[in-house]
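Enquirer: show me how the following folds:
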Amino acid sequence: MILNMFRIFSGLSHLAYGILALSHPFYIDEFERFGFSKFRLLIALSQVFFGLGLLLDFRKIKLTEISSGLLSIMMAGALITRIIIKDELIQSLPALGYLLINSFIFIKSIQK
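Expert: Alright, predicted model coming up:
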């Protein structure tokens, strides 16, 4: 039950973030601030696809494993980036939270 709740939450969150990162000025500026403006499209589309992977794969575990594993890696990178650019702890907490949630989904998925 909690695994499915986390999958829905994370899937919807990453789907929304990916869509916003494609066109919303705030997120476009954030990618520039992070030093990843050249990779914004790739990162945004990856979040859309992996978010969908979490939402659509309630019976096919491999897609869940792949999506949650790659989102965990992306969130680890996001957390490291925020540390490198010296963001405050409060700004880094979402990346840490999503790293933990996606890692939980990944671990539970490979245990099935």
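Enquirer: now do the contacts for S109.
Expert: Taking C-beta atoms under 8 Å, 6 or more residues apart in numbering, we find S109 in contact with L3, I61, T64, E65, S68. C-betas here are computed from N, CA, C, even on glycine.
Enquirer: so how far is K86 from Y98?
Expert: 20 Å (C-beta to C-beta, to the nearest Å).
Enquirer: so which of these two has more stuff around it?
Expert: Y98 (22 against 8; other C-beta atoms under 10 Å).
Enquirer: which non-adjacent residue is nearest that one?
Expert: M75 (4.5 Å; C-beta to C-beta, 6 or more residues apart in numbering).
Enquirer: hang on, that neighbour packs against N102?
Expert: Yes: with contact defined as C-beta atoms under 8 Å, M75 counts as touching N102 (5.9 Å).
Enquirer: among the two, which residue is more densely surrounded?
Expert: It is N102, of M75 and N102, that has more neighbours when counted by other C-beta under 10 Å, with 26 against 23.
Enquirer: just to revisit the earlier point, quick one: which two of the contacts of S109 are the most distant?
Expert: Farthest apart among those by C-beta to C-beta are L3 and E65. That separation is 12.3 Å.
Enquirer: so for the two, which sits in the more crowded spot?
Expert: E65 (19 against 16).
Enquirer: can you pull the contacts of that one?
Expert: By C-beta under 8 Å, 6+ apart, the contact set of E65 is F106, S109, I110.
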